[in-house]
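Q: please find the sequence and the predicted model below.
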Amino acid sequence: MTTNAPPLSPKERYRLTVTGGETDRPPIWIMRQAGRYLPEYRELRSQHTFLDFCLRPEISAKATLMPIELVGIDILIIFNDILTPLRNLGLDLDFPKGGPVIANPIRDMERVKSLPKVIFGDEPVAESIRLVSRHAPEYPVLGFCGAPFTLAVYAVEGFVKGDKEEILRLVREEPETLDLLLEKLTTVATDYLVLQADAGGAHGVQVFESWGGMLLEDEAYERFAAKWQREVISQFRKRCPETPVHLYVRGSRNKLAAMDATGADVLSVDWNTPLTEARRATKRTLQGNLSPEVLLDPNLVPGAFEEMIRGFDWQQGWIANLGHGITPKASVEAARRFVECVRALGKEGG
């Protein structure tokens, strides 16, 4: 862009980046950017349960908006949790200290067959997105869901600390049970994304595959993860053709071809996947992928940032982000320095 061009709004910068247009600089957001590393979030969290944040739109919106002023990001992602829609399937979900817990996990065919058909109404997440858009109309707001296999891991395990023995048992011994569960979860995930785009007005959506890339390889990854990612994205695109889809896969390095084949508009890669390698695998917009550990120390950020983008042409379509969620012990100053590094690219390129 020419130096005398007016600065793009965050919405314009996001849309141009996703569609292959010319931008002044990369847009930036940070996975889990409204979270425990922010003192302001911790203060709000002390007054409410985590489920309050997911189910009460005014609280969700307040948390979602925090990173604008505190960190300086360009894109907002609604504060919620990938497991929230599992409540609509009758799963007893709670968030005690230490992570989510499902008290009645699904582990056999009879239970899968008994799951109810979910018909979403105007769920709290849609109102959360509308509230955020009213308060920050110049910012794009992302909705999100868990990929079917990732949702299945939580639904089957009940508690994800440990070896994931139950989900891997289904992979090995009861693949038909898992297939049917994934089919049902695909419908839930797709409908939940459509709700966020249609009723909420989300400007984009992200599908989180937190476990498929970590637990599955080769034929198993194709059958139980990639197939259902493609189905969610295909069905969503038929119903919301103008809304961009981001796909994040943890363990992405040897999954790039499968990610590209999903048709997602934006491929979000983890910190073990070099951006130059990801670019060779796809022409789609990329997102990522600084290691979350770098944000523990502000002094590490400039060098790690330079290493991350060495040999990578950000002007071919890149949304700057981490390669996984920011950690509770991250430094707010380090997050700000990451934002400053991204913004400096535009000054250099002008």
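A: The structure has been received and is ready for your questions.
Q: give the next helix or strand downstream of the helix or strand encompassing residue 42.
A: Counting by DSSP states H and E, the element that carries residue 42 is helix 39-45. Using DSSP H and E, the helix or strand that follows helix 39-45 in sequence is helix 50-55.
Q: that next one packs against which elements?
A: When contacts are defined as 3 or more C-beta pairs under 8 Å, 6 or more residues apart in numbering; DSSP states H and E, helix 50-55 sits against helix 57-70, helix 124-135. Where C-beta positions appear, they are placed from N, C-alpha and C, glycine not excepted.
Q: let's see 6 Å
A: If contacts are counted by 3 or more C-beta pairs under 6 Å, 6 or more residues apart in numbering; DSSP states H and E, helix 50-55 sits against helix 57-70.
Q: and residue 340, how close does it get to residue 76?
A: From residue 340 across to residue 76, the span is 19 Å (C-beta to C-beta, to the nearest Å).
Q: more neighbours: those two, which one.
A: The residue with more neighbours, out of residue 340 and residue 76, is residue 76; 27 against 14, by other C-beta atoms under 10 Å.
Q: tell me who's in contact with the more buried one.
A: By C-beta atoms under 6 Å, 6 or more residues apart in numbering, the contact list for residue 76 reads 64, 132, 139, 141.
Q: which residues touch residue 88?
A: Going by C-beta under 6 Å, 6+ apart, residue 88 touches residue 118.
Q: what kind of secondary structure is it in?
A: Secondary structure assignment for residue 88 (DSSP: H, G, I helix; E, B strand; the rest coil): helix.
Q: residue 207 in helix, strand or coil?
A: Of the three states, residue 207 takes strand according to three-state DSSP.
Q: pLDDT below threshold where in the protein?
A: Under the criterion pLDDT under 70, the flagged ranges of the chain are 1-5, 347-350.
Q: hmm, try it at 50
A: Flagging of the chain using pLDDT under 50 yields the residue ranges 1-2, 349-350.
Q: in it, which helix has the most residues?
A: Using DSSP state H to define each element, the chain has its longest helix at helix 175-198.
Q: thinking again about what came up before, just the buried positions in the helix holding residue 42, please.
A: 41, 44, 45 (16 or more other C-beta atoms under 10 Å).
Q: with distance to residue 243 added, can I get those residues in a markdown table?
A: Converted to a markdown table, the buried residues of helix 39-45 look like this (distance: C-beta to C-beta, whole Å):
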| residue | distance to residue 243 |
| --- | --- |
| 41 | 27 |
| 44 | 29 |
| 45 | 30 |
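Q: name the nearest of those relative to residue 273.
A: Residue 273 has its nearest neighbour among the buried residues of helix 39-45 in residue 41, at 28.6 Å by C-beta to C-beta.
Q: residues touching the closest one, list them.
A: Contacts of residue 41 (C-beta under 6 Å, 6+ apart): residue 35.
Q: from residue 79, how far out is it?
A: Taking C-beta to C-beta, one finds residue 41 at 9 Å from residue 79.
Q: could you do residue 207 as well?
A: Distance, residue 207 to residue 79, using C-beta to C-beta: 17 Å.
Q: the more surrounded of these two?
A: residue 207 (27 against 23).
Q: partner residues bridging the more buried one?
A: Using DSSP bridges, the beta-bridge partners of residue 207 come out as residue 145, residue 247.
Q: that one reaches residue 237, doesn't it?
A: No. Using C-beta atoms under 6 Å, residue 207 is not in contact with residue 237, being 11.8 Å away.
Q: thought residue 126 was touching residue 199?
A: Yes. Using C-beta under 6 Å, residue 126 makes contact with residue 199 at a distance of 4.0 Å.
Q: give me the more crowded residue out of these two.
A: Between residue 126 and residue 199, residue 126 has the larger neighbour count (other C-beta under 10 Å), namely 23 against 17.
Q: contacts only, for the more buried one.
A: Contacts of residue 126 (C-beta under 6 Å, 6+ apart): 195, 199, 200.
Q: for residue 94, state which of these is nearest.
A: Of all the contacts of residue 126, residue 195 has the smallest distance to residue 94: 22.6 Å, by C-beta to C-beta.
Q: please name the nearest non-neighbouring residue to the closest one.
A: Once flanking residues are discounted, residue 195 sits nearest to residue 120: 4.9 Å by C-beta to C-beta, 6 or more residues apart in numbering.
Q: for the one you found, phi and psi?
A: Backbone torsions of residue 120, given as degrees, to the nearest 10, read phi -80, psi 140.
Q: can you give me the neighbour number for residue 53?
A: Neighbours of residue 53 (other C-beta under 10 Å): 25.
Q: quick one: it from residue 201, how far?
A: On the measure of C-beta to C-beta, residue 53 and residue 201 end up 20 Å apart.
Q: what of residue 300?
A: Noted for residue 300: a distance of 38 Å to residue 201, by C-beta to C-beta.
Q: C-alpha coordinates for the longest helix of the chain, CSV please?
A: Provided in CSV are the C-alpha atoms of helix 175-198 (Å, rounded to 0.1, in the frame of the first residue of the first chain):
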residue,chain,number,x,y,z
PRO,A,175,-15.0,-47.5,15.2
GLU,A,176,-18.6,-47.7,14.2
THR,A,177,-19.7,-46.2,17.5
LEU,A,178,-17.2,-43.4,17.1
ASP,A,179,-18.4,-42.8,13.5
LEU,A,180,-21.9,-42.3,14.6
LEU,A,181,-20.9,-40.0,17.4
LEU,A,182,-18.8,-37.9,15.0
GLU,A,183,-21.8,-37.7,12.6
LYS,A,184,-24.0,-36.3,15.4
LEU,A,185,-21.3,-33.9,16.6
THR,A,186,-20.7,-32.7,13.0
THR,A,187,-24.4,-31.6,12.9
VAL,A,188,-24.1,-29.9,16.3
ALA,A,189,-20.9,-28.1,15.4
THR,A,190,-22.2,-26.9,12.0
ASP,A,191,-25.5,-25.7,13.4
TYR,A,192,-23.6,-23.9,16.2
LEU,A,193,-21.4,-22.1,13.7
VAL,A,194,-24.4,-21.1,11.6
LEU,A,195,-26.1,-19.8,14.7
GLN,A,196,-23.1,-17.6,15.4
ALA,A,197,-22.9,-16.3,11.9
ASP,A,198,-26.6,-15.9,11.1
